[in-house]
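Visitor: mind looking at a prediction? Sequence and model below.
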Amino acid sequence: MPKVLTALATVLSESEKSDLQTVVNSSLEHGLLRAEQGFEPAEIAREYRLLRVVIFSFLEEDLLKASPVELLRAVRLIDMIIDEAIARCFNSYTHGRLQELEQLQSQLRLTNQELTRLVRASKDSLSQLAHELKTPLTSIIGYADLFLRQHRQKPELKDSYTNLESIERVMRSGRLILRLINDTLEISRYDAGRMILQPTVTDVRGLINSVVEIIEPLARNKELALVVDCDRAPERVMTDPLRLPQIMTNLLSNASLVLCICIFPLEAIARED
């Protein structure tokens with residue numbers, strides 16, 4: 001603002017040969033400075049309003065001594081110069097704020113790209129970890145199942161009941177972890193847009209029985225009797241043989257956690273529609 005005031009004094013002085021360019025340059029510099037300082041437009045307008053008041057207050061005594069023609073000329077010149085200074089100042093102020101906004105947008109764009117990369121890397125790492133866990137876990141479940149069947153075929157072994165219970169617990173825990181891993185992989189595929197349904201003609205009764213084999217230990221632990229009724233179920237349906245068991249397993253396992261009744265019914269029927 002001091003530079004603007006000096007430029008105004010230079011233009012108003014009859015002894016100095018100058019033009020509005022001095023005021024223009026000072027106003028442009030003032031606008032850029034206020035943009036860098038984060039001033040609001042209302043604050044800049046208040047500065048120029050106070051500047052106008054100060055100028056007229058300082059020149060009031062001299063203006064009252066001047067002739068009407070000189071007074072009118074001086075007032076018009078002061079108003080013209082200040083208005084031009086305000087216009088130039090706001091132009092440079094707007095330009096400065098737009099540059100600041102562009103820099104901010106560029107920073108946000110780079111930040112968003114980095115966050116996207118980190119999320120993608122995290123998902124890839126999670127998917128890779130799930131795959132690495134899935135293979136040995138499947139092997140553990142397979143060996144536990146084989147060991148369990150061998151013990152059941154040899155009832156003469158001592159302490160067989162305790163051994164069988166321990167093996168069954170290992171298998172139940174393994175199946176639960178395997179299901180969680182599969183769910184995690186499915187979520188990763190869904191987020192990546194790679195989840196594709198592959199409907200085929202499927203034996204729905206066999207599919208239900210395979211799901212029941214997984215859920216039955218959970219129901220037994222809660223003293224629930226899992227009753228399966230597939231008499232009215234269609235023999236074959238068009239469905240995804242991988243996704244439907246996942247849905248049924250999630251629904252039944254969640255139900256086994258909240259049900260308080262002794263009988264856990266599961267019924268499959270064919271509807272006309």
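Guide: Okay, I see it.

Visitor: just the mean pLDDT for the host helix or strand of Val227, thanks.
Guide: Element membership for Val227 (DSSP states H and E) is strand 225-229. Mean pLDDT, computed over strand 225-229, is 77.

Visitor: how about the helices in the protein?
Guide: Here the chain has its helices, by DSSP state H, at 2-12, 21-37, 41-65, 68-152, 160-191, 204-221, 243-258.

Visitor: what packs against the second one?
Guide: Helices and strands in packing contact with helix 21-37 are listed as helix 2-12, helix 41-65, helix 68-152; criterion 3 or more CB pairs under 8 Å, 6 or more residues apart in numbering; DSSP states H and E. Yep, even glycine has a C-beta here, placed from its N, CA and C like the rest.

Visitor: can you check the last one too?
Guide: Using 3+ CB pairs under 8 Å, 6+ apart as the contact criterion, the elements in contact with helix 243-258 are helix 160-191, helix 204-221, strand 263-267.

Visitor: let's see it as CSV, backbone CA atoms only.
Guide: Output in CSV follows, covering the C-alpha atoms of helix 243-258 (Å, rounded to 0.1, in the frame of the first residue of the first chain):
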residue,chain,number,x,y,z
ARG,A,243,-20.6,-68.5,-5.3
LEU,A,244,-23.7,-70.2,-4.0
PRO,A,245,-21.9,-72.4,-1.4
GLN,A,246,-20.1,-69.3,-0.2
ILE,A,247,-23.4,-67.4,0.3
MET,A,248,-25.0,-70.4,2.0
THR,A,249,-22.0,-70.9,4.2
ASN,A,250,-21.9,-67.3,5.3
LEU,A,251,-25.7,-67.3,6.0
LEU,A,252,-25.7,-70.5,7.9
SER,A,253,-22.6,-69.8,10.0
ASN,A,254,-24.0,-66.4,11.0
ALA,A,255,-27.3,-68.0,11.9
SER,A,256,-25.6,-70.6,14.0
LEU,A,257,-24.1,-67.7,16.1
VAL,A,258,-27.3,-66.0,16.9
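
Visitor: hey, which helix or strand in this structure has the poorest pLDDT?
Guide: Across the helices and strands of the chain, mean confidence by mean pLDDT, DSSP states H and E is lowest for strand 263-267: a mean of 57.
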